[in-house]
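In: pasting the sequence and the predicted coordinates here, then a few questions.
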Protein chains: 2
Amino acid sequence: MPLLLDPRLLTSRDSGRPVRYWVGIDGGGTSTRAVVADARGEILGRGEAGASALGQGAEQAWRHIAAAVTAAGVPGLTLADCALGLGLSGTGVPAQLQAFVEADPGVARFTLVTDGLVALLGAHAGEPGALLISGTGSVAEALLPDGSRRMVGGWGWQIGDEGSGAWLGQQAMKQAQAAYDGRAADGALAQAVRDVAGSSREALLSYCAQAGQAGYARLAPLVFESAATDPAAEALLKAAAAALDTLATAVHPTLPLALAGSIAQRLAPRLSAAVQARCVAPKGEPVAGALWLIQQPTSRPA
Amino acid sequence: MPLLLDPRLLTSRDSGRPVRYWVGIDGGGTSTRAVVADARGEILGRGEAGASALGQGAEQAWRHIAAAVTAAGVPGLTLADCALGLGLSGTGVPAQLQAFVEADPGVARFTLVTDGLVALLGAHAGEPGALLISGTGSVAEALLPDGSRRMVGGWGWQIGDEGSGAWLGQQAMKQAQAAYDGRAADGALAQAVRDVAGSSREALLSYCAQAGQAGYARLAPLVFESAATDPAAEALLKAAAAALDTLATAVHPTLPLALAGSIAQRLAPRLSAAVQARCVAPKGEPVAGALWLIQQPTSRPA
């Protein structure tokens, strides 16, 4: 029995024209992936293009979506014949969402949700389930049996995203700073950070001033590499795993849980027994969730 | 016996013209304070003007310094007759320092150091000592018996400044976020943050996006006000005091310690017995340290 999604999660538009192709799109700040199927659900091709995060502009988003669909290489396909299931980052900002809808180049039909929701739909093939993501950032999301969505964490790298790559990198930098000025013992992790950022106060400050989320996330591998020889690094991995445990439990205590993101994968063996017992392999990629979304009769507006 | 400051801490310029007035200046991102003395050291007047942090531009810095000196209301005084001891924030950035020196409007003589050093000189009347500052930010500084300066913490509010007002405010916001999405029990502190920032996810995210250092520091009083009834707030005050203990001990384990900043004052009763035993009342304000600096023969270049 297909799950009936809370309609507030969806933005749909239907031209009324017939649909020949069904397309799933997963788009974010780096790239856009497309999968194209025919009316019977058979996959005809896959393509990829540049970023389609709504925060980077509606025109670019549609351009890269079209490019990803074209890159799937399906002969005779035109966007006017396509129904698109779209999972795009940035749908939570109303102005961005509206600009995107208004820039519709004339597709037959589309249903738009946020990128996190298509990741959930892909991982659990449209069934209720939870997803713990820890890559550059961290967040836990769940699709509940009543069709609603729940989100825990994801407050951003500057103050939140505990247990993420950026968070681990920030903690590594704090360790290097404390070792520099005598608030903590020196060790392999602090040395590894100095090897990347430089060893003077000015160099460490300069790294921080320019790092941003990605720059801190680049320090995260140093924590894993130092853990065997540096108790401070080992303690940070424990703290990160505990933060991910908290996210996974708060989003839902029992639903099947898929892991996504490089940091979640590396920390998986350190998660609590209760959380590990819930872990399942993802059934599909986010782009498969986007395709599932548009193939549902319930997502087709009247 | 006056302390001989490490010459690398000083930037001096001397026109060779005679000096009639000795002026101490303490300048930061909000205001500039001046104290004017005659050749015998007698205080003739005090004045105040706008910001003279070097990061806000050399021209503005000199303009507000001149305005603060004028505001001291000493009849017949001209800047060309003054020797200025300057403690200004932002001297650590070489380009800013050079721009300031080049914009010298023609004072008889000046010696420039960073604002932290004049605070130290003022607090201990030029003797060796340490200063623990926790207001919006946090840092510990010491003037050692060999004339060198030591600094611990002060890595900036985004990643450091543990135990400061901005840090307490960030922890308060994290508590409100965790209470919002079920990672922590709700309580008086989370409620107080919601009363200020709003209670939806969007409102909390929006507060964080605009807060900056000052916006977070505005939440710090909520932690003190909630501590009696909310264990989470009480735990944050304990953690802040522990961070300040670490700063005070790492900067120097035994030198007399003066406290500065509203958060340091409020956390003073929570500091460790060893740190409290070192605490002394500051002997003077930073502007008195700046005046002391320019009155020393050792700060007069040949």
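Out: Now that the structure is in, tell me what you want to look at.

In: could you check how far A:S200 is from chain B?
Out: 12 Å (CB to the nearest CB, to the nearest Å). Where you see a C-beta, it was placed from the backbone N, CA and C, and this is true even at glycine.

In: also A:A123?
Out: Taken as CB to the nearest CB, the span from A:A123 to chain B is 20 Å.

In: model confidence for that residue, exactly?
Out: The model reports A:A123 with a pLDDT of 95.

In: got it, and the one 3 residues further on?
Out: Reported pLDDT at A:G126 in the predicted model: 87.

In: what strand or helix carries the closest residue to it other than its chain neighbours?
Out: Spatial nearest neighbour of A:G126, excluding adjacent residues (CB to CB, 6 or more residues apart in numbering or on different chains): A:W292 at 5.0 Å. Following DSSP states H and E, one finds A:W292 within helix A:286-295.

In: what do you get for A:G87?
Out: strand A:82-88.

In: repeat for A:I25
Out: Assigned by DSSP H and E, A:I25 falls in strand A:21-27.

In: pull up the pairing partners for that strand, direction included.
Out: Strand A:21-27 has the following strand partners under DSSP bridges: strand A:32-37 (antiparallel), strand A:82-88 (parallel).

In: list the contacts of stretch A:128-135.
Out: Applying CB atoms under 8 Å, 6 or more residues apart in numbering or on different chains, the contact partners of stretch A:128-135 are A:3, A:116, A:119-120, A:123-124, A:139-145, A:163-165, A:217, A:240, A:244, A:247-248, A:251-252, A:255-264, A:267, A:278, A:280, A:282.

In: buried subset of these as a PyMOL selection?
Out: Restricted to buried positions by 16 or more other CB atoms under 10 Å in any protein chain shown, the PyMOL selection for these reads:
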select buried, chain A and resi 3+116+119+120+123+124+139+140+141+142+143+144+163+164+165+217+240+244+247+248+251+252+255+256+257+258+259+260+261+263+264+267+278+282
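
In: mind listing which of the contacts of stretch A:128-135 are in helices?
Out: Counting by DSSP state H, the part of the contacts of stretch A:128-135 found in helices is A:116, A:119-120, A:123, A:165, A:217, A:240, A:244, A:247-248, A:251, A:262-264, A:267, A:278.

In: report the two of these separated the most.
Out: A:A217 and A:R278 (26.2 Å; CB to CB).

In: tally of neighbours for the nearest residue to A:T30 once chain neighbours are set aside?
Out: Nearest residue to A:T30, sequence neighbours excluded (CB to CB, 6+ apart): A:A51, at 5.7 Å. Other residues near A:A51 come to 18 when the count uses other CB atoms under 10 Å in any protein chain shown.

In: which of the three states applies to A:A51?
Out: What DSSP: H, G, I helix; E, B strand; the rest coil gives for A:A51 is coil.

In: tell me the pLDDT at it?
Out: On the pLDDT scale, A:A51 gets 90.

In: likewise the one 10 residues further on?
Out: A:A61 is assigned a pLDDT of 96 by the prediction.

In: list the residues that contact it.
Out: By CB under 8 Å, 6+ apart, the contact list for A:A61 reads A:27, A:51-54, A:88, A:100, A:103.

In: parallel or antiparallel, list what pairs with the helix or strand harbouring A:R13.
Out: Here A:R13, judged by DSSP H and E, is contained in strand A:11-14. Strand pairing for strand A:11-14, determined by DSSP bridges: strand A:109-114 (antiparallel).

In: what's the angle between the strand it pairs with and helix A:115-123?
Out: In terms of direction (axes from the mean of the first three to the mean of the last three CA atoms, to 10 degrees), strand A:109-114 departs from helix A:115-123 by 100 degrees.

In: pull the distance from strand A:109-114 to the chain's centre.
Out: A distance of 17 Å separates the C-alpha centroid of strand A:109-114 from that of its chain, computed with CA atoms, centre = their mean, to the nearest Å.

In: stretch A:268-279 too?
Out: For stretch A:268-279, the distance to the chain centre is 20 Å (CA atoms, centre = their mean).

In: please see if it touches chain B.
Out: No. Judged by CB under 8 Å from any CB of the partner chain, stretch A:268-279 and chain B are separated, with a smallest distance of 13.8 Å.

In: residues in contact with A:A248?
Out: A:130, A:132, A:140, A:257, A:271, A:275, A:278.

In: close to chain B: what parts of the stretch 201-302 of chain A are there?
Out: Contact residues, the stretch 201-302 of chain A versus chain B (CB under 8 Å from any CB): A:202, A:204-205, A:208, A:246-247, A:250.

In: for PyMOL, what selects the buried ones among these?
Out: Of those, the buried ones can be selected in PyMOL as follows, counting by 16+ other CB under 10 Å:
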select buried, chain A and resi 204+205+208+246+247+250
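
In: contacts only, for the residue of the stretch 201-302 of chain A found nearest chain B.
Out: Nearest residue of the stretch 201-302 of chain A to chain B: A:A250, at 4.2 Å (CB to the nearest CB). Each residue near A:A250 by CB under 8 Å, 6+ apart is listed here: A:140, A:152, B:181-183.

In: and for A:L168?
Out: Per CB under 8 Å, 6+ apart, neighbours of A:L168: A:217, A:219-220, A:223, A:236-237, A:240, A:263.

In: distance of it relative to chain B?
Out: 13 Å.

In: for that residue, helix, strand, or coil?
Out: A:L168 - assigned by three-state DSSP - is helix.

In: list the contacts of the closest residue to it other than its chain neighbours.
Out: Nearest residue to A:L168, sequence neighbours excluded (CB to CB, 6+ apart): A:A220, at 4.1 Å. A:A220 is in contact with A:165-166, A:168-169, A:172, A:263, counting by CB under 8 Å, 6+ apart.

In: next: A:A243.
Out: A:138, A:162-163, A:167.

In: follow-up on the earlier one: pipe the residues of the stretch 201-302 of chain A next to chain B into a markdown table and attach pLDDT per row.
Out: Listed next are those as a markdown table, based on pLDDT from 0 to 100:
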| residue | pLDDT |
| --- | --- |
| A:E202 | 88 |
| A:L204 | 94 |
| A:L205 | 91 |
| A:C208 | 92 |
| A:T246 | 97 |
| A:L247 | 97 |
| A:A250 | 97 |
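
In: got TSV for the residues of the stretch 201-302 of chain A next to chain B, with distance to B:A188 too?
Out: Converted to TSV, those look like this (distance: CB to CB, whole Å):
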residue	distance to B:A188
A:E202	42
A:L204	37
A:L205	36
A:C208	33
A:T246	21
A:L247	24
A:A250	21
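
In: nearest to A:A108, of the residues of the stretch 201-302 of chain A next to chain B?
Out: A:L247 (38.5 Å).

In: the closest one contacts B:R183, doesn't it?
Out: Yes. Using CB atoms under 8 Å, A:L247 is in contact with B:R183, at 7.1 Å.

In: overlap in contacts, these two.
Out: Common neighbours of A:L247 and B:R183 (CB under 8 Å, 6+ apart) are A:152-153.

In: what's the mean pLDDT across the helix holding A:W292?
Out: On average, helix A:286-295 scores 94.

In: over to stretch A:173-184?
Out: Here the average pLDDT along stretch A:173-184 is 97.

In: does chain B have contacts with it?
Out: Yes. Contact between stretch A:173-184 and chain B, assessed by CB under 8 Å from any CB, occurs at A:173-174, A:177, A:181-183.

In: for those, work out which two are farthest apart.
Out: A:M173 and A:G182 (16.4 Å).

In: the two: which has the busier surroundings?
Out: Taking other CB under 10 Å, A:M173 and A:G182 do not tie; A:M173 has more neighbours (26 against 16).

In: my read: the more buried one touches A:L236, true?
Out: No. If you go by CB under 8 Å, A:M173 and A:L236 don't touch, sitting 11.2 Å apart.

In: with just CA atoms, put stretch A:110-129 into PDB.
Out: Only the C-alpha atoms of stretch A:110-129 are listed here, as PDB (Å, rounded to 0.1, in the frame of the first residue of the first chain):
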ATOM      1  CA  PHE A 110       6.100  18.200 -12.000                       C
ATOM      2  CA  THR A 111       6.000  17.500  -8.300                       C
ATOM      3  CA  LEU A 112       8.700  19.200  -6.200                       C
ATOM      4  CA  VAL A 113       9.800  18.300  -2.700                       C
ATOM      5  CA  THR A 114      13.000  19.000  -0.700                       C
ATOM      6  CA  ASP A 115      16.100  16.900  -1.400                       C
ATOM      7  CA  GLY A 116      15.900  15.300   2.100                       C
ATOM      8  CA  LEU A 117      12.500  13.900   1.300                       C
ATOM      9  CA  VAL A 118      13.500  12.200  -2.000                       C
ATOM     10  CA  ALA A 119      16.500  10.700  -0.100                       C
ATOM     11  CA  LEU A 120      14.000   9.200   2.400                       C
ATOM     12  CA  LEU A 121      11.700   8.000  -0.300                       C
ATOM     13  CA  GLY A 122      14.700   6.400  -2.100                       C
ATOM     14  CA  ALA A 123      16.200   4.800   0.900                       C
ATOM     15  CA  HIS A 124      13.000   3.100   2.000                       C
ATOM     16  CA  ALA A 125      11.300   2.800  -1.400                       C
ATOM     17  CA  GLY A 126       8.400   5.000  -0.300                       C
ATOM     18  CA  GLU A 127       7.800   3.200   2.900                       C
ATOM     19  CA  PRO A 128       8.000   4.800   6.400                       C
ATOM     20  CA  GLY A 129      11.600   4.900   7.600                       C
END
